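Participant: Show me the folded form of this:
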Amino acid sequence: MTIPNDSGSPVEASRAPRHSLHLVLAGIAAVAVGLPALIVATAPPVRPATARLAQRPQRVVPAAELPPVEPTAFVAIAREDAQSFNATVPFSTAPNPAARPFRFGGGPDDLARATDCLAAGVLYEAGDDAIGERAVAQVVLNRLRHPAFPKTVCGVVFQGQERSTGCQFTFTCDGALRRQPSEGGWRRARAIAAAALAGSVYKPVGHATHYHTDWVVPYWSSSLDKITKVGTHLFFRWTGWWGTPPAFNRRPQPNEPVVSKIAYLSPVHGSASGDAMPLLPEGAITSADETAIMDAIIAGGGAAPAGPLPDPELTPDRDSFLLTLPANIPPQLWPALASKTCGERAYCKVLGWTDAARTPARLPLNTAQVAGMSFSYLRDRQTGVERRLWNCRETKRPVPAQCMKMQAYIPAGEALPPPAAAVPARGPEALGGVRRKASESAGQPPSPAPKASEGARPITPPGTSPAATP
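Facilitator: Predicted structure coming up:
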């Protein structure tokens, strides 16, 4: 249908309503686009998830109280949120003086072990990054001088390594040591470690004793003084006096322990000489070890003692355990049993016998009990020492350093042979025609023979046999 317009030309009757419809649709589209934009523009800002993290208040530990070294634990938070939170922790405005040069005071073997422990720490913590490795090395040496940490380089690096989590340097308990580093990376790490032990100082980190990457949040991070950032690592020191140069006055112990966890990297950690003994070749105690031990204890009727020796009058040392080693636990798992027996004690001693009849009830041990001992374990986290020794007359070990020392002992009921009669000193036969002093001619007895040295080494009597000692 058509209708005439003002000029008399025909126009379709439906054209006017269609134009109105287009206007309505255009208005709806404008509202659909503009309204969300308006809401976004005028909405209040969204608070980030990190704002809900409660910062741990700083506590200034007094100089008379040693600051605690807690197991490392992290807040469960996304990487991006962690970085945002770490950015809210301000840097300290206090001076950041450089540490004094460090000079290692031990012998060549100890220096070699310290170098490789430090090299492993810087390589696995910082990766093949020379600047980051120097920063980590400085933190290790700062800890070595601080009385809150172990007294050896290896003790500092591997502190807490017996835990499945919470070790001070995460590579020692998170399985990172299964990754073999490149030859070039290991060589560079050893060079950086050797330089640090010979006096090289990485000044930017000052007296930092803690650090972490910026994509994690340890629970302690906001309670310490944040002093600098190197790459992706943030470095911290204790607040108050314990973070100042006078606090780093401890003289380290030069006797470095053997750490068999890095024996595949370091020949000097593959065997031991002296008192420091290697750790288990298997490394840290695994869950499979613990399961096997618990199964054996349950099946065998109880191998682990219920607690420390109970009578303090008979045994003042309440960190010592005397136990019978169950037959269904193989000797290679005895260290795991001993560690489980010690629990979280910083100092602990476990002595074991395979024969229940020989297991003593109290300390001290007599010679026969020492001779019958099958295994001994000593843990001292303050010095970083962990000794595991077997009686190698009963249990063969791959290296002699894992064997107990031997000594002579006298079985019960067997007496020492009488000492040989002293032979009197004799002079030369009388010679005729020799003029003598009046005293000699009068028959004065000769001077007594000199006594044997009291410090002379005793001779092992015949019929005795060697005994194993821890």
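Participant: Mind jotting down where the helices sit in this protein?
Facilitator: 15-42, 79-88, 108-126, 130-145, 153-157, 183-197, 287-300, 334-342, 367-371, 438-441 (DSSP state H).
Participant: Check whether Arg163 really touches Thr72, as I assumed.
Facilitator: No. Applying Cβ atoms under 8 Å as the test, Arg163 and Thr72 come out as separate, 9.4 Å apart. C-beta here means a position set from N, CA and C on the backbone, and glycine is covered the same way.
Participant: What are the boundaries of the strands in this structure?
Facilitator: 2-4, 10-12, 210-213, 225-230, 233-237, 320-324, 347-353, 375-380, 385-390, 405-409, 465-469 (DSSP state E).
Participant: For the fourth one, name the packing helices and strands.
Facilitator: Counting by 3 or more Cβ pairs under 8 Å, 6 or more residues apart in numbering; DSSP states H and E, the packing neighbours recorded for strand 225-230 are helix 130-145, strand 233-237.
Participant: cutoff 6 Å now
Facilitator: If contacts are counted by 3 or more Cβ pairs under 6 Å, 6 or more residues apart in numbering; DSSP states H and E, strand 225-230 sits against strand 233-237.
Participant: Report the mean confidence score over the strand it packs on.
Facilitator: When pLDDT is averaged along strand 233-237, the result is 95.
Participant: For it, list the C-alpha coordinates in PDB.
Facilitator: Extracted C-alpha coordinates of strand 233-237, given in PDB (Å, rounded to 0.1, in the frame of the first residue of the first chain):
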ATOM      1  CA  HIS A 233      66.100 -13.000  46.300                       C
ATOM      2  CA  LEU A 234      65.200 -10.800  49.300                       C
ATOM      3  CA  PHE A 235      67.800 -10.700  52.200                       C
ATOM      4  CA  PHE A 236      67.000 -10.100  55.900                       C
ATOM      5  CA  ARG A 237      68.800  -9.800  59.200                       C
END
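Participant: Who are the packing partners of that strand?
Facilitator: Strand 233-237 packs on strand 210-213, strand 225-230, going by 3+ Cβ pairs under 6 Å, 6+ apart.
Participant: Low-confidence ranges, the stretch 101-250 of the chain, go.
Facilitator: Scanning the stretch 101-250 of the chain for pLDDT under 70 picks out 164-166.
Participant: go again using 80 as the cut-off
Facilitator: Scanning the stretch 101-250 of the chain with the threshold set as pLDDT under 80 gives 162-166, 222.
Participant: can I assume Thr228 is in contact with Lys203?
Facilitator: No. Between Thr228 and Lys203 there is no contact under Cβ atoms under 6 Å: 9.9 Å.
Participant: The two: which is more packed in?
Facilitator: Thr228 (19 against 12; other Cβ atoms under 10 Å).
Participant: Name all residues that make contact with the more buried one.
Facilitator: Neighbouring residues of Thr228 by Cβ atoms under 6 Å, 6 or more residues apart in numbering: Pro204, Phe235.
Participant: what sits opposite it in the beta ladder?
Facilitator: Phe235 (DSSP bridges).
Participant: do you know how far it is from Arg143?
Facilitator: To Arg143, Thr228 is 17 Å away according to Cβ to Cβ, to the nearest Å.
Participant: Would you mind finding the most buried of the helices of the chain?
Facilitator: The highest average neighbour count among those, using mean count of other Cβ atoms under 10 Å, belongs to helix 153-157 at a mean of 29.
Participant: contacting residues around the closest residue to Leu118 other than its chain neighbours?
Facilitator: Spatially, and ignoring its direct neighbours in sequence, Leu118 is nearest to Ala193 (3.8 Å; Cβ to Cβ, 6 or more residues apart in numbering). Residues near Ala193 by Cβ under 6 Å, 6+ apart: Thr115, Leu118, Ala119.
Participant: surely the first one meets Ile192?
Facilitator: No. Look at Thr115 against Ile192 with Cβ under 6 Å: they stay out of range, at 9.9 Å.
Participant: rewinding a little: could the helices and strands packed on strand 233-237 be laid out in a markdown table, adding distance to Ala98?
Facilitator: Formatted as a markdown table, the helices and strands packed on strand 233-237 follow (distance: least, Cβ to Cβ, whole Å):
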| stretch | distance to Ala98 |
| --- | --- |
| strand 210-213 | 16 |
| strand 225-230 | 11 |
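Participant: so which of those strands comes closest to Lys340?
Facilitator: In terms of Cβ to Cβ, the element of the helices and strands packed on strand 233-237 nearest to Lys340 is strand 210-213, at 29.5 Å.
Participant: Tell me the strands beside the closest one, with direction?
Facilitator: strand 233-237 (antiparallel).
Participant: What lies in contact with the strand it pairs with?
Facilitator: Applying Cβ under 6 Å, 6+ apart, the set of residues contacting strand 233-237 from outside is 205, 207-211, 213-214, 224-228, 243.
Participant: picking up where we left off before, so for Arg163 and Thr72, which residue has more residues nearby?
Facilitator: The neighbour count for Arg163 versus Thr72, taken as other Cβ under 10 Å, is higher for Thr72 (20 against 16).
Participant: Just the pLDDT for that one.
Facilitator: Looking at Thr72, its pLDDT stands at 74.
Participant: Phi first, then psi, for it.
Facilitator: As for Thr72, its main-chain torsions (degrees, to the nearest 10) stand at phi -70, psi 130.
Participant: And it, how close does it get to Leu265?
Facilitator: 23 Å.
Participant: try Asp110
Facilitator: For Asp110 relative to Leu265 (Cβ to Cβ), the value is 17 Å.
Participant: do Asp174 as well
Facilitator: Per Cβ to Cβ, Asp174 is found 17 Å from Leu265.
Participant: between these two, which one's more packed in?
Facilitator: Comparing Asp174 with Leu265 by other Cβ under 10 Å, the one with more neighbours is Leu265, at 18 against 14.
Participant: how about Pro364, phi and psi?
Facilitator: Residue torsions, per degrees, to the nearest 10, at Pro364 are phi -80, psi 160.
Participant: can you count the residues close to it?
Facilitator: 10.
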